[in-house]
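What follows is a predicted structure for the sequence shown.
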Amino acid sequence: MAPGTLLGGEVEASRHYGVSRTVYREAVRILGAKGLVDARPRFGTRISDPSKWELLDTDVLSWIFSDTPDPALIAGIFELRRIIEPAAAALAATRRTFTQLGMMETALGSMEALTLATEAGRAADARFHSTMIDACGNPFLSSLSEGICAAVSLATIFRLQQAAATRDPVPDHWRVFRAIAASDADAAREAMLALIDNTLMDTTMVSARSSRGVAPAE
């Protein structure tokens, strides 16, 4: 629905979707909390402009990626990652604990063994990124971890749905890990930047294939 679209009344909508008015009211409340709709007395409930959406909310991200996402949103996700994750890797290199290093190494081992084609492999990838961000010791950065990790996982799923993987991203992750383990902030920053740029290149290629209607690889 286009931004500004007025949703139908509660009674009409609950009948249309075959749910109770209480269920429909709760659904609208949740959508409002995530910024997708704006509900006001006497003005009704309207679809919000995407600029109002809570884009790092895990539900909103999953809904965006349930279809072919807008290329501008994909670009925005990677811009966010380029701003945050290289700096986070540099901080982690100077602040990480041995426990966190062990968690990151274990996650990479699982990611390598299971591959990103599996849900468990993607979960290991998310653990690697979230542990790295937590290793910064900054609660404000940690508050972004869930949304960033969800974006990482959903972008991976999108790539694999469109085409078979042509490049193994695990070595890029190991380079980030080794720099953090060596307490080399500059190398960690550069390794993470390279990881993100390589992933963006892969994602942009499959996004272009999707927009042209190219069939997924067998």
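Nice, I can see it.

contacts and neighbour counts: CA atoms only from here.
Noted.

So which bits of the helix ranked longest in the chain are buried?
If you go by DSSP state H, the chain has its longest helix at helix 185-211. In terms of neighbour count (16 or more other Cα atoms under 10 Å), helix 185-211 has its buried residues at 185-197, 199-200, 202-204, 206-207, 210.

This structure - how does it break down into domains?
10-52, 58-211 (automatic domain parsing).

confidence score at the spatially most central residue of the chain?
Nearest residue to the geometric centre of the chain (Cα atoms, centre = their mean): Ala151, 0.6 Å. pLDDT, Ala151: 88.

Give me the phi and psi for it.
phi -60, psi -40 (degrees, to the nearest 10).

From Thr131, how far off is it?
Note on Ala151: its distance to Thr131, by Cα to Cα, to the nearest Å, is 16 Å.

what does Glu12 give?
When Cα to Cα is applied, the distance between Glu12 and Thr131 equals 47 Å.

Just want to know which of these two has more residues nearby.
Shown here are Glu12 and Thr131; by other Cα atoms under 10 Å, Thr131 has more neighbours (20 against 12).

outside of the helix or strand harbouring that one, which residues touch it?
Element membership for Thr131, per DSSP states H and E: helix 119-134. The contact list for helix 119-134, computed with Cα atoms under 8 Å, 6 or more residues apart in numbering, reads 85, 88-89, 92, 96, 100, 103-105, 107-108, 110-116, 141-142, 145-146, 149-150, 152-153, 156.

follow-up on the earlier one: what is the distance between the longest helix of the chain and the centre of its chain?
14 Å (Cα atoms, centre = their mean, to the nearest Å).

go on, stretch 50-60?
From the chain centre to the centre of stretch 50-60 is a distance of 11 Å (Cα atoms, centre = their mean).

53 is where my numbering starts, stick with that
Renumbered: residue one is now 53, and that last one reads stretch 102-112.

What residues does Leu245 make contact with?
Neighbours of Leu245 in contact, by Cα under 8 Å, 6+ apart: 134, 137-138.

Recalculate using a threshold of 6 Å.
Leu245 sits next to Pro138 when contact means Cα atoms under 6 Å, 6 or more residues apart in numbering.

Thought Ala240 was touching Ala141, still the case?
Yes: in this structure, Ala141 is within contact of Ala240 by Cα atoms under 6 Å, at 5.5 Å.

Which parts of the chain are helices?
62-69, 73-85, 110-116, 123-147, 150-166, 171-186, 191-194, 197-214, 222-233, 237-263.

now those as a markdown table including distance to Ala54?
Below are those laid out as a markdown table (distance: least, Cα to Cα, whole Å):
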| stretch | distance to Ala54 |
| --- | --- |
| helix 62-69 | 18 |
| helix 73-85 | 15 |
| helix 110-116 | 14 |
| helix 123-147 | 17 |
| helix 150-166 | 39 |
| helix 171-186 | 33 |
| helix 191-194 | 33 |
| helix 197-214 | 24 |
| helix 222-233 | 39 |
| helix 237-263 | 20 |
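
Relative to Phe95, which of those helices is closest?
Phe95 lies closest to helix 62-69 among these, at 13.3 Å (Cα to Cα).
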